[in-house]
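Undergrad: With the sequence up front, the predicted model follows.
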Amino acid sequence: MLYLPPRLLASLPLPVYVSPVPIRSSFRFIAVALVVACGGGSTPPAPAPATPLPPPPPQEPVVAFLSAPFAGQAVAVTPLTLLVSADNIGTMAPLADHAAALAWADSLLGATLLARAPEVKWVLPPELRKIARRAPTVAPDPDRMGQSVLRGKSMATVPDPLRSALRSLVALTGGRCALVPAALSFVPDATGPVRAELNLVFVDARTGQVLWRTVTWAVGATPSQALLKAIEIVLPV
(Lines give C-alpha, C1' and ligand atoms only; values in the text may rest on other atoms or scores of the structure.)
Protein backbone atom coordinates (compact mmCIF):
# COMPACT_ATOMS: atom_id res chain seq x y z
CA MET A 1 0.00 0.00 0.00
CA LEU A 2 1.30 3.37 -1.04
CA TYR A 3 1.65 5.88 1.76
CA LEU A 4 1.33 9.55 0.96
CA PRO A 5 2.06 12.25 3.44
CA PRO A 6 -0.93 14.35 4.45
CA ARG A 7 0.70 17.53 3.05
CA LEU A 8 1.19 15.89 -0.37
CA LEU A 9 -2.31 14.41 -0.28
CA ALA A 10 -3.83 17.84 0.30
CA SER A 11 -2.03 19.27 -2.72
CA LEU A 12 -3.52 16.75 -5.17
CA PRO A 13 -6.57 17.95 -7.33
CA LEU A 14 -10.00 16.67 -6.36
CA PRO A 15 -11.57 14.11 -8.69
CA VAL A 16 -14.37 15.31 -11.02
CA TYR A 17 -17.66 13.55 -10.40
CA VAL A 18 -19.59 12.57 -13.51
CA SER A 19 -23.29 11.97 -13.00
CA PRO A 20 -24.49 8.60 -14.22
CA VAL A 21 -27.76 10.27 -15.28
CA PRO A 22 -27.72 11.67 -18.83
CA ILE A 23 -27.77 15.49 -19.08
CA ARG A 24 -30.99 15.46 -21.15
CA SER A 25 -32.74 13.41 -18.49
CA SER A 26 -31.57 15.82 -15.82
CA PHE A 27 -33.03 18.81 -17.70
CA ARG A 28 -36.34 16.95 -18.16
CA PHE A 29 -36.45 16.22 -14.44
CA ILE A 30 -35.78 19.87 -13.57
CA ALA A 31 -38.46 21.09 -16.01
CA VAL A 32 -41.07 18.74 -14.57
CA ALA A 33 -40.19 19.83 -11.06
CA LEU A 34 -40.62 23.50 -12.01
CA VAL A 35 -44.00 22.86 -13.63
CA VAL A 36 -45.24 20.99 -10.58
CA ALA A 37 -43.94 23.71 -8.27
CA CYS A 38 -45.76 26.38 -10.30
CA GLY A 39 -49.04 24.49 -10.28
CA GLY A 40 -48.86 23.39 -13.91
CA GLY A 41 -51.43 20.95 -15.10
CA SER A 42 -54.03 22.06 -12.57
CA THR A 43 -57.41 23.52 -13.62
CA PRO A 44 -57.33 27.34 -13.69
CA PRO A 45 -59.51 28.98 -11.04
CA ALA A 46 -63.05 29.81 -12.13
CA PRO A 47 -63.73 33.53 -12.66
CA ALA A 48 -65.61 35.29 -9.93
CA PRO A 49 -69.33 35.49 -10.63
CA ALA A 50 -70.51 38.83 -12.04
CA THR A 51 -72.23 41.11 -9.60
CA PRO A 52 -75.95 41.01 -10.38
CA LEU A 53 -77.58 44.27 -11.43
CA PRO A 54 -79.69 45.93 -8.74
CA PRO A 55 -83.44 45.45 -9.19
CA PRO A 56 -85.33 48.35 -10.75
CA PRO A 57 -86.93 50.77 -8.33
CA PRO A 58 -90.48 49.82 -7.37
CA GLN A 59 -93.15 51.47 -9.50
CA GLU A 60 -95.52 53.70 -7.59
CA PRO A 61 -99.17 52.64 -7.79
CA VAL A 62 -101.24 54.34 -10.47
CA VAL A 63 -103.73 56.85 -9.05
CA ALA A 64 -106.93 56.76 -11.08
CA PHE A 65 -108.49 60.01 -12.25
CA LEU A 66 -112.04 60.50 -10.94
CA SER A 67 -113.90 62.58 -13.52
CA ALA A 68 -117.30 62.79 -11.77
CA PRO A 69 -116.50 66.00 -9.81
CA PHE A 70 -115.82 67.77 -13.11
CA ALA A 71 -118.95 66.65 -14.97
CA GLY A 72 -120.29 69.41 -17.20
CA GLN A 73 -117.14 71.52 -16.82
CA ALA A 74 -114.77 72.49 -19.61
CA VAL A 75 -111.31 71.01 -19.04
CA ALA A 76 -108.43 71.88 -21.35
CA VAL A 77 -106.05 69.11 -22.43
CA THR A 78 -102.67 70.54 -23.36
CA PRO A 79 -100.58 69.01 -26.15
CA LEU A 80 -97.84 66.53 -25.31
CA THR A 81 -94.41 68.08 -25.87
CA LEU A 82 -91.99 65.53 -24.35
CA LEU A 83 -91.80 62.02 -25.83
CA VAL A 84 -88.73 59.78 -25.52
CA SER A 85 -88.11 56.15 -26.40
CA ALA A 86 -85.30 53.60 -26.15
CA ASP A 87 -83.18 53.10 -29.25
CA ASN A 88 -84.57 49.66 -30.07
CA ILE A 89 -88.15 50.96 -29.74
CA GLY A 90 -87.75 54.34 -31.42
CA THR A 91 -87.78 52.71 -34.86
CA MET A 92 -91.27 51.25 -34.32
CA ALA A 93 -94.24 52.99 -35.88
CA PRO A 94 -95.30 55.65 -35.16
CA LEU A 95 -92.29 56.62 -33.02
CA ALA A 96 -89.83 56.98 -35.90
CA ASP A 97 -91.25 60.43 -36.76
CA HIS A 98 -91.20 62.59 -33.63
CA ALA A 99 -93.79 65.15 -34.77
CA ALA A 100 -96.14 62.42 -35.94
CA ALA A 101 -95.62 60.53 -32.67
CA LEU A 102 -96.65 63.58 -30.61
CA ALA A 103 -99.81 64.04 -32.68
CA TRP A 104 -100.58 60.32 -32.44
CA ALA A 105 -100.23 60.32 -28.64
CA ASP A 106 -102.48 63.41 -28.33
CA SER A 107 -105.09 61.75 -30.54
CA LEU A 108 -105.04 58.48 -28.60
CA LEU A 109 -105.35 60.27 -25.26
CA GLY A 110 -108.15 62.51 -26.52
CA ALA A 111 -110.16 59.64 -28.00
CA THR A 112 -109.89 57.65 -24.77
CA LEU A 113 -110.94 60.65 -22.66
CA LEU A 114 -114.04 61.17 -24.80
CA ALA A 115 -114.91 57.46 -24.66
CA ARG A 116 -114.31 56.77 -20.97
CA ALA A 117 -115.15 60.15 -19.38
CA PRO A 118 -117.75 61.75 -21.69
CA GLU A 119 -119.34 63.71 -18.82
CA VAL A 120 -116.45 66.19 -18.96
CA LYS A 121 -116.29 68.83 -21.72
CA TRP A 122 -112.75 68.05 -22.84
CA VAL A 123 -111.10 70.80 -24.88
CA LEU A 124 -108.52 68.80 -26.81
CA PRO A 125 -105.24 70.09 -28.34
CA PRO A 126 -106.64 70.79 -31.85
CA GLU A 127 -109.36 73.01 -30.36
CA LEU A 128 -106.87 74.69 -28.01
CA ARG A 129 -104.73 75.65 -31.01
CA LYS A 130 -107.74 77.20 -32.74
CA ILE A 131 -108.58 79.20 -29.60
CA ALA A 132 -105.01 80.44 -29.36
CA ARG A 133 -104.96 81.50 -33.03
CA ARG A 134 -108.17 83.48 -32.59
CA ALA A 135 -106.62 85.47 -29.70
CA PRO A 136 -102.90 85.75 -30.53
CA THR A 137 -102.36 88.75 -28.25
CA VAL A 138 -103.86 87.00 -25.23
CA ALA A 139 -103.37 83.26 -25.55
CA PRO A 140 -99.94 81.62 -25.74
CA ASP A 141 -99.00 78.88 -28.20
CA PRO A 142 -100.24 75.65 -26.55
CA ASP A 143 -97.25 73.74 -27.95
CA ARG A 144 -94.65 76.11 -26.50
CA MET A 145 -95.68 76.83 -22.91
CA GLY A 146 -93.11 74.54 -21.30
CA GLN A 147 -95.70 72.22 -19.73
CA SER A 148 -93.27 69.29 -19.61
CA VAL A 149 -91.71 70.88 -16.53
CA LEU A 150 -94.67 69.54 -14.54
CA ARG A 151 -93.26 66.01 -14.72
CA GLY A 152 -91.32 66.74 -11.52
CA LYS A 153 -92.89 64.68 -8.75
CA SER A 154 -92.24 67.22 -6.03
CA MET A 155 -93.92 70.10 -7.87
CA ALA A 156 -97.05 71.10 -5.93
CA THR A 157 -97.74 74.36 -7.79
CA VAL A 158 -97.28 75.42 -11.39
CA PRO A 159 -94.28 77.72 -11.76
CA ASP A 160 -94.25 80.92 -13.80
CA PRO A 161 -94.28 81.65 -16.70
CA LEU A 162 -96.20 78.42 -17.33
CA ARG A 163 -98.72 79.37 -14.67
CA SER A 164 -99.59 82.67 -16.38
CA ALA A 165 -99.74 81.02 -19.79
CA LEU A 166 -102.10 78.29 -18.58
CA ARG A 167 -104.32 80.78 -16.81
CA SER A 168 -104.67 82.91 -19.96
CA LEU A 169 -105.30 79.94 -22.25
CA VAL A 170 -107.74 78.08 -19.99
CA ALA A 171 -109.76 81.26 -19.35
CA LEU A 172 -110.59 81.37 -23.07
CA THR A 173 -112.08 77.85 -22.90
CA GLY A 174 -114.66 78.86 -20.30
CA GLY A 175 -113.20 76.45 -17.77
CA ARG A 176 -110.81 76.51 -14.87
CA CYS A 177 -108.76 73.31 -14.93
CA ALA A 178 -106.34 71.64 -17.32
CA LEU A 179 -105.10 68.10 -17.83
CA VAL A 180 -101.41 68.15 -18.74
CA PRO A 181 -99.67 65.12 -20.26
CA ALA A 182 -96.24 66.16 -19.02
CA ALA A 183 -94.10 63.32 -20.44
CA LEU A 184 -94.38 60.03 -22.29
CA SER A 185 -91.67 57.38 -22.56
CA PHE A 186 -91.35 53.97 -24.18
CA VAL A 187 -88.82 51.48 -22.80
CA PRO A 188 -88.25 47.70 -23.02
CA ASP A 189 -89.68 45.56 -20.25
CA ALA A 190 -88.92 42.08 -18.94
CA THR A 191 -92.57 41.04 -19.36
CA GLY A 192 -93.18 42.42 -22.85
CA PRO A 193 -91.63 44.18 -25.85
CA VAL A 194 -92.77 47.73 -25.00
CA ARG A 195 -93.54 49.53 -21.76
CA ALA A 196 -95.33 52.91 -21.96
CA GLU A 197 -95.09 55.37 -19.06
CA LEU A 198 -97.33 58.45 -19.17
CA ASN A 199 -96.94 61.29 -16.66
CA LEU A 200 -100.28 63.07 -16.17
CA VAL A 201 -100.95 66.19 -14.09
CA PHE A 202 -104.29 67.89 -13.35
CA VAL A 203 -104.02 71.54 -12.32
CA ASP A 204 -106.21 74.45 -11.28
CA ALA A 205 -105.17 77.06 -13.82
CA ARG A 206 -106.42 79.97 -11.72
CA THR A 207 -104.50 79.18 -8.55
CA GLY A 208 -101.69 77.13 -10.11
CA GLN A 209 -102.27 74.30 -7.65
CA VAL A 210 -101.57 70.71 -8.70
CA LEU A 211 -104.77 68.82 -7.85
CA TRP A 212 -103.75 65.33 -9.01
CA ARG A 213 -100.83 63.57 -10.62
CA THR A 214 -99.78 60.04 -11.50
CA VAL A 215 -97.51 58.02 -13.75
CA THR A 216 -99.61 55.40 -15.46
CA TRP A 217 -97.88 52.54 -17.26
CA ALA A 218 -98.60 49.34 -19.14
CA VAL A 219 -96.83 46.75 -21.29
CA GLY A 220 -97.88 45.80 -24.80
CA ALA A 221 -96.69 44.20 -28.01
CA THR A 222 -96.59 47.61 -29.74
CA PRO A 223 -96.36 51.23 -28.59
CA SER A 224 -100.05 51.70 -29.44
CA GLN A 225 -101.14 48.77 -27.31
CA ALA A 226 -98.95 49.81 -24.38
CA LEU A 227 -100.10 53.44 -24.41
CA LEU A 228 -103.78 52.57 -24.79
CA LYS A 229 -103.61 50.19 -21.82
CA ALA A 230 -101.83 52.82 -19.73
CA ILE A 231 -104.53 55.42 -20.45
CA GLU A 232 -107.36 52.98 -19.77
CA ILE A 233 -105.84 52.07 -16.39
CA VAL A 234 -105.95 55.68 -15.25
CA LEU A 235 -109.53 56.18 -16.55
CA PRO A 236 -111.57 53.35 -15.04
CA VAL A 237 -115.14 52.98 -16.30
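TA: Great, that's in hand.

Undergrad: from here on, contacts and neighbour counts on C-alpha atoms
TA: OK.

Undergrad: hang on, Leu200 packs against Thr214?
TA: Yes - at 5.6 Å, Leu200 and Thr214 qualify as touching, with contact defined as CA atoms under 8 Å.

Undergrad: Where is the longest helix in this protein?
TA: Assignment by DSSP state H gives helix 98-116 as the longest helix of the chain.

Undergrad: Now it: buried residues?
TA: Of the residues in helix 98-116, Ala101, Leu102, Ala103, Trp104, Ala105, Asp106, Ser107, Leu109, Gly110, Leu113 count as buried by neighbour count, 16 or more other CA atoms under 10 Å.

Undergrad: In CSV, list these along with pLDDT and distance to Val84.
TA: Below are the buried residues of helix 98-116 laid out as CSV (pLDDT from 0 to 100; distance: CA to CA, whole Å):
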residue, pLDDT, distance to Val84
Ala101, 96, 10
Leu102, 97, 10
Ala103, 97, 14
Trp104, 97, 14
Ala105, 98, 12
Asp106, 98, 14
Ser107, 97, 17
Leu109, 98, 17
Gly110, 98, 20
Leu113, 98, 22
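
Undergrad: Dump those into JSON lines; add distance to Ser67 as well.
TA: Output for the buried residues of helix 98-116, formatted as JSON lines (distance: CA to CA, whole Å):
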{"residue": "Ala101", "distance to Ser67": "27"}
{"residue": "Leu102", "distance to Ser67": "24"}
{"residue": "Ala103", "distance to Ser67": "24"}
{"residue": "Trp104", "distance to Ser67": "23"}
{"residue": "Ala105", "distance to Ser67": "21"}
{"residue": "Asp106", "distance to Ser67": "19"}
{"residue": "Ser107", "distance to Ser67": "19"}
{"residue": "Leu109", "distance to Ser67": "15"}
{"residue": "Gly110", "distance to Ser67": "14"}
{"residue": "Leu113", "distance to Ser67": "10"}
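
Undergrad: could you give the mean pLDDT of stretch 82-94?
TA: Per-residue pLDDT over stretch 82-94 has a mean of 86.

Undergrad: May I see the buried residues of that stretch?
TA: Within stretch 82-94, the residues that count as buried by 16+ other CA under 10 Å are Leu82, Leu83, Ser85, Ile89, Gly90, Pro94.

Undergrad: gap between the first one and Glu119?
TA: Using CA to CA, to the nearest Å, one obtains 28 Å as the distance from Leu82 to Glu119.

Undergrad: cool, and the fifth one?
TA: Distance from Gly90 to Glu119, counting by CA to CA: 35 Å.

Undergrad: Closest to the centroid, which residue in this protein?
TA: The residue lying closest to the centre of the chain (CA atoms, centre = their mean) is Val187, at 6.1 Å.

Undergrad: Am I right that it sits in a strand?
TA: Yes - when DSSP: H, G, I helix; E, B strand; the rest coil is applied, Val187 is found to be in a strand.

Undergrad: Test my guess that it contacts Ser85.
TA: Yes - the criterion here is CA under 8 Å, and Val187 meets it with Ser85 at 5.9 Å.
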